[in-house]
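1. Let's see this in three dimensions:
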Amino acid sequence: MKTLKQHIISLAAIVSTLMLSSLCIAQDYKNDMMQIRSAFKNKYHSFAIKYIYYPYDSIKKATDSILGTCIMDSTSWYYKIRNNTGVVEYLKNGKYFLEVNHSNKVILLSKNSAAKSDLWDISRVDSMLRTSTVQNSYKEKNGEGEYMVTFEEGTWNKMRLVFNKERHTLDAIWLYSFAKGKIMGEPYNKPAIAILYTGYKETLPARAEFDEKKYVQETPNGNFEVAGAFKGFKLIDYVHKKT
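-> Just a heads-up that it's a prediction; the model follows:
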């Protein structure tokens, strides 16, 4: 699973820089991206997400995948991923950012400003359009809009973005590369990564979804300890860390 994680980290720069420039391409790319941004940032929703890694373009066979679920509102989010090493939960609310690693039995507690801006944070679509492009195309089919964008530079030099035309929610992002080499000893040649979004729901959240008290609780002396359900986990507290 390390191979897929390393690739996700390396492609984050592309996905995080696709929406700030004033480029106008086929259809109305900027307007569509702004509506996708609005759909994700201005209302509560939940969805399932799946990352799939294809190391060889010629083979078309996936070797790694990560499954996740995400719950978001305009200011907070909860993300849970599952892979062959176990379960990891992430929570960002108005005060804290928590990472709960079930395999290692560790809870990391930080200020919310420390929240990672990786691919589970779908609101990063609001930075789409800064990367220079050399070729763009657009088509529609069965209620979906699809952009194919080729970039001037970068490891991941082509992206296919598929979205629901009515709801302006993402259905899929595909990233392609002409690169060849090895990561963590595993070879790749013209790899691709698929990021698939399904199961959208729009209902008001139970505030407990974003409550850190599920994982940690404050003691009378102002310190924090793990909640009862996580007895046996180690708490690493970066917020109240003694200097």
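
2. How far does stretch 48-65 sit from its chain's centre?
-> Its chain's C-alpha centre and that of stretch 48-65 lie 16 Å apart, by CA atoms, centre = their mean, to the nearest Å.

3. so which helix or strand takes in residue 108?
-> Element membership for residue 108 (DSSP states H and E) is strand 106-111.

4. Per-residue pLDDT of the residue nearest to residue 70 when sequence neighbours are not counted, please?
-> Take residue 70 and drop its neighbours on the chain: the residue closest to it by CB to CB, 6 or more residues apart in numbering is residue 79, 4.9 Å away. All C-beta atoms are positioned from the backbone trio N, CA, C, and that covers glycine. Confidence at residue 79, expressed as pLDDT, is 89.

5. so residue 79 makes contact with residue 68?
-> Yes. Residue 79 is in contact with residue 68 according to CB atoms under 8 Å; the separation is 6.1 Å.

6. Show me which of the two is the more surrounded one.
-> Set side by side, residue 79 and residue 68 show more neighbours around residue 79, with 22 against 19, by other CB atoms under 10 Å.

7. Name the nearest residue to residue 167, ignoring sequence neighbours.
-> Leaving aside its chain neighbours, residue 167 sits nearest to residue 39 (6.4 Å; criterion: CB to CB, 6+ apart).

8. I'd like to know which elements the host helix or strand of the one you found is packed against.
-> Assigned by DSSP H and E, residue 39 belongs to helix 29-41. Here helix 29-41 touches strand 144-151, going by 3 or more CB pairs under 8 Å, 6 or more residues apart in numbering; DSSP states H and E.
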